[in-house]
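Undergrad: Any chance you could fold what I've pasted below:
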Amino acid sequence: MHEGSGKMNMERLTEKMQEPEIKEHFKDFIQVQQLYSAAIKEIRTKLEILDDEFKVKYDYNPIHQIESRLKSVQSIIDKLKRKGFEISVKSIRENLFDVAGIRVICNYVDDIYRIAELLTNQDDITLIRTKDYIECPKENGYRSLHLIVSIPIFLAEKVGAPEISEPRKVTGSTDFSSVTFRVPGACLRVKFVGKGVTSHSQEWLDNGKSQLAEDAIMYGAKGIALSVEEILETPGLLEKIKEDFKQAKENF
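TA: The predicted structure is shown next:
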């Protein structure tokens, strides 16, 4: 049964490879898949190191089990088509956040938050989005902490960090992480790099030292300061924010 299913999947993939739009990008898809596979290895190693450190220091392993999965090229193509996205490498990076995944099973809830904090605080990890289904379980009782992160992959020729897409309406804060599910918060994004610049690259770093970056930070700081001033000086505004936040948590 398993062997037959695998043969059918291979036949489907072979058929798809003949489609012009897929045939053109197939080699690139394989290379991108390799990047995500490398990302799994990098993050898994970080988690194993953290678990080993706890064992040495505290004689305790917070992580019970680590599992990982990587979408096949066929699954990637199918999802892009199903969602109506362009069949391209750029589209994968901007629209698919489940190409690679790691499931970390911890012994206690506190361990989950502790490991998540230690992982996302590392310099080469960028937290893109957080969904806390522990604090706000799904209707079916499902409880888990979901993190979407990016990590640079150092290849022989260049850094292969996936590009981060434009901000979306529903997104987690890279600074507050899961804290924003407990208290009201805001993540102010300022732009200082041109479109197409890869995160964690030398070009990204050079942009961060520019006058444009300094101006962007100043604009962001002024925006935060003016927001705080408005909250403090407007009667009832803080209470309204708290109430809106409470309702948002209940409806999440």
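Undergrad: so where do the strands sit in the stretch 101-250 of the chain?
TA: In the stretch 101-250 of the chain, the segments counted as strands under DSSP state E, counting those that start in this stretch are 126-132, 145-150.
Undergrad: so can I have JSON lines of those strands showing mean pLDDT?
TA: What follows is the strands of the stretch 101-250 of the chain, written out as JSON lines (pLDDT from 0 to 100):
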{"stretch": "strand 126-132", "mean pLDDT": "90"}
{"stretch": "strand 145-150", "mean pLDDT": "91"}
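Undergrad: Would you mind saying which of those lies nearest D59?
TA: Closest to D59 of the strands of the stretch 101-250 of the chain, according to C-beta to C-beta: strand 145-150, at 24.9 Å. All C-beta spots, glycine's among them, are computed from the backbone N, C-alpha and C.
Undergrad: helices and strands around that closest one, which ones?
TA: In terms of contacts (3 or more C-beta pairs under 8 Å, 6 or more residues apart in numbering; DSSP states H and E), strand 145-150 is packed against helix 109-120, strand 126-132.
Undergrad: Just want the angle from the shortest one to helix 109-120.
TA: Direction vectors for strand 126-132 and helix 109-120, defined by axes from the mean of the first three to the mean of the last three C-alpha atoms, to 10 degrees, enclose an angle of 160 degrees.
Undergrad: between strand 126-132 and strand 145-150, how many degrees?
TA: Interaxial angle, strand 126-132 versus strand 145-150 (the same axes, to 10 degrees): 160 degrees.
Undergrad: and strand 126-132, what does it pack onto?
TA: If contacts are counted by 3+ C-beta pairs under 8 Å, 6+ apart, strand 126-132 sits against strand 145-150.
Undergrad: Return the list of strands paired to the strand it packs on, each annotated with direction.
TA: strand 126-132 (antiparallel) (DSSP bridges).
Undergrad: what about the strand it pairs with, distance to the chain center?
TA: Here the centre of strand 126-132 is set off from its chain's centre by 6 Å, with C-alpha atoms, centre = their mean, to the nearest Å.
Undergrad: With only the CA atoms kept, save it in PDB.
TA: The C-alpha coordinates for strand 126-132 follow below in PDB (Å, rounded to 0.1, in the frame of the first residue of the first chain):
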ATOM      1  CA  THR A 126      14.300  36.500  13.800                       C
ATOM      2  CA  LEU A 127      10.800  36.000  15.200                       C
ATOM      3  CA  ILE A 128       8.200  36.700  12.500                       C
ATOM      4  CA  ARG A 129       4.900  35.700  14.100                       C
ATOM      5  CA  THR A 130       3.600  34.100  17.300                       C
ATOM      6  CA  LYS A 131       0.300  32.400  17.900                       C
ATOM      7  CA  ASP A 132      -0.300  31.300  21.500                       C
END
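Undergrad: Stretch 58-78: which residues count as buried?
TA: For stretch 58-78, the neighbour count (16 or more other C-beta atoms under 10 Å) marks 62-63, 71, 73-74, 76-77 as buried.
Undergrad: In the stretch 101-250 of the chain, where is pLDDT below threshold?
TA: Along the stretch 101-250 of the chain, segments meeting pLDDT under 70 span 155-182, 186-189, 195-196, 199-200, 249.
Undergrad: and if we set it to 50?
TA: Applying pLDDT under 50 to the stretch 101-250 of the chain flags residues 158-175.
Undergrad: picking up where we left off before, can you pick out the ones from the buried residues of stretch 58-78 that are in helices?
TA: The members of those that map onto helices under DSSP state H are 73-74, 76-77.
Undergrad: what two of these have the greatest distance between them?
TA: Greatest spatial distance in those: Q74 and I76, 7.2 Å, computed using C-beta to C-beta.
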